[in-house]
Structure formats: structure tokens, C-alpha cells
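A.B. asks: Kindly generate the corresponding structure for this input.
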Amino acid sequence: MIAAAVATIAGQLNQHLKRTFDSSEEIVVASNILEQDGTLATNINNRLIVFLVNVEKDGTPQRGNGGGTGLSSRVVTYPPIYLNLYVMVAAHFGQGNYDEALKFLSATVAFFQGRPVLDHSNSPDLDGQIERLVLDVENLSIQDLSNLWGVLSGHYLPSVLYKVRMVAFDGGDVRKRVAAVRAPDTSAQRGG
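C.D. replies: Numbering: from 1, shown residues only. Got it, this is the predicted structure:
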């Protein structure tokens with residue numbers, strides 16, 4: 001489900017930027033910056049990179065415990081877990097293309113400012129298990145930004161960090177079945 005959320009964000013942004021800049025080339029890619037061996041990923045040159053930075057459980061109260069009712073029993077499932085994904089959009093444009101990096105990064109901010117919620121009505125490719133994704137720009141201090149880029153690659157790229165709220169994991173696993181409680185039938189007439 002995390003992969004589906006990141007792919008939807010990258011896909012919607014890519015479609016928008018291709019239309020905006022009348023481009024047939026892919027502008028956005030969901031990818032790591034570095035390969036496991038420490039070399040640059042091969043598919044990121046002159047593109048915006050969308051990648052996951054962190055995952056945290058959303059601590060705000062959510063909907064109650066799921067459960068469906070049947071005629072003779074009620075199914076109780078584990079409650080869904082709501083996550084916040086921290087997703088970075090970074091511009092990897094080198095060799096004199098710094099202006100392009102800033103142009104595409106600005107267009108990214110404008111796009112998600114105008115469409116901060118991705119749901120099934122505006123993002124038909126959104127995974128059916130995800131109700132919606134809500135994107136908010138996350139502010140980092142210079143120190144936090146420096147630490148983050150030190151971990152990511154050691155080289156800063158123009159970027160914006162989004163907190164993506166409301167990714168629900170609901171495995172649908174049945175925890176137990178509870179016998180349904182029925183009210184007594186009071187519609188029968190009393191004899192007299």
C-alpha cells in the first residue's frame with residue numbers, strides 16, 4: 001500500500017507536468033536517489049524524484065473498530081492503522097539545468113497547493129484500499145534538512161518534503177465473531 005501511495009503521487013504529478021510543459025518525456029520518477037552500492041540511480045537524471053523518507057503512525061483518533069453484521073453474527077476486525085508518509089520531491093537536474101530544477105519544483109508546489117487531496121474522483125489510479133491522500137508541506141529546520149540530506153546522499157538537491165496523511169492499512173483480518181443481539185419481537189398481539 002505504501003508503494004501504491006508513492007506511485008500515485010508520482011504518477012499524478014508526472015501527468016500534470018507533462019501537460020503543463022507539453023512534454024512527451026517522463027518528468028517524474030518514483031525512485032531512490034542512490035542504489036544500494038552507493039552509486040546514483042540510473043533513471044533520475046534530469047527528472048523530479050519522488051521517494052519515501054519516513055513512515056509514522058498517525059496518533060490522532062480515527063474511526064471506530066470495523067465490523068460487519070450478518071443475520072446471526074457480527075464480525076469484529078482489527079481497527080485499521082493510519083499512517084503518515086513523509087515523501088520528498090527532489091529535482092535532479094545537473095550540468096547547467098539549475099533553472100529547470102527550480103521551474104519543475106515550483107510547478108510541483110503549485111500542483112499540490114491546488115490539489116492537496118488525491119482521492120478516487122481526481123486520481124482514478126489510486127489503490128482501492130486507500131480512501132485518500134492528503135499532502136501538506138512539511139517544514140524542516142536547516143539543521144534537520146542538513147541531517148536528512150546527509151543520510152540520503154550527502155548532496156543537497158532542490159526539494160520539498162510532504163507529509164502525506166491518511167494511508168489506512170486494513171487487512172480485514174477477522175478477530176472474532178460475536179453473536180448478534182436481537183431485540184424481542186413485540187409485534188405479536190397479546191391474547192386476551
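A.B. asks: Quick one: the strands in this structure, in order.
C.D. replies: Here the chain has its strands, by DSSP state E, at 28-30, 47-57, 67-69, 73-77, 81-92, 117-119, 132-137, 159-169, 174-179.
A.B. asks: Okay, now the sheet partners of the fourth one, with direction.
C.D. replies: When sheet partners are counted by DSSP bridges, strand 73-77 sits next to strand 67-69 (antiparallel), strand 174-179 (antiparallel).
A.B. asks: how about it: buried residues?
C.D. replies: If you call a residue buried by 16 or more other Cβ atoms under 10 Å, then strand 73-77 has these buried ones: Thr77. (Glycine included, C-beta is placed from N, CA and C.)
A.B. asks: what's the least confident stretch among the strands paired with strand 73-77?
C.D. replies: Mean pLDDT is lowest for strand 67-69 out of the strands paired with strand 73-77, coming in at a mean of 48.
A.B. asks: Give the rounded mean pLDDT of the longest helix seen in the chain.
C.D. replies: What stands out as the longest helix in the chain, according to DSSP state H, is helix 2-20. Averaged across helix 2-20, the pLDDT comes to 96.
A.B. asks: and what of stretch 129-145?
C.D. replies: Averaged across stretch 129-145, pLDDT comes to 94.
A.B. asks: measure Ile130 to Asp119 for me?
C.D. replies: Distance, Ile130 to Asp119, using Cβ to Cβ, to the nearest Å: 9 Å.
A.B. asks: In terms of packing, which of these two has more residues around it?
C.D. replies: More crowded of Ile130 and Asp119, by other Cβ atoms under 10 Å: Ile130, with 20 against 15.
A.B. asks: Next up, the contacts around the more buried one.
C.D. replies: Met1, Ala4, Ala5, Thr8, Val167, Ala168 (Cβ atoms under 8 Å, 6 or more residues apart in numbering).
A.B. asks: Check Met166 too.
C.D. replies: Counting by Cβ under 8 Å, 6+ apart, Met166 touches Asp58, Tyr82, Glu131, Arg132, Leu133, Val134.
A.B. asks: Please tell me how far it sits from Leu17.
C.D. replies: 24 Å.
A.B. asks: residues making contact with stretch 104-115?
C.D. replies: 12-13, 16-17, 20-21, 27, 48, 89, 91, 93, 122, 135, 137, 158-160, 162.
A.B. asks: 6 Å instead?
C.D. replies: Contacts to stretch 104-115, defined as Cβ atoms under 6 Å, 6 or more residues apart in numbering, come from residues His16, Leu17, Leu48, Val89, Ala91, Leu135, Pro158, Val160.
A.B. asks: Adding distance to Ser146 and neighbour count, write those out as JSON lines.
C.D. replies: Formatted as JSON lines, the contacts of stretch 104-115 follow (distance: Cβ to Cβ, whole Å; neighbours: other Cβ atoms under 10 Å):
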{"residue": "His16", "distance to Ser146": "30", "neighbour count": "19"}
{"residue": "Leu17", "distance to Ser146": "28", "neighbour count": "19"}
{"residue": "Leu48", "distance to Ser146": "21", "neighbour count": "28"}
{"residue": "Val89", "distance to Ser146": "18", "neighbour count": "25"}
{"residue": "Ala91", "distance to Ser146": "18", "neighbour count": "22"}
{"residue": "Leu135", "distance to Ser146": "24", "neighbour count": "20"}
{"residue": "Pro158", "distance to Ser146": "15", "neighbour count": "16"}
{"residue": "Val160", "distance to Ser146": "16", "neighbour count": "18"}
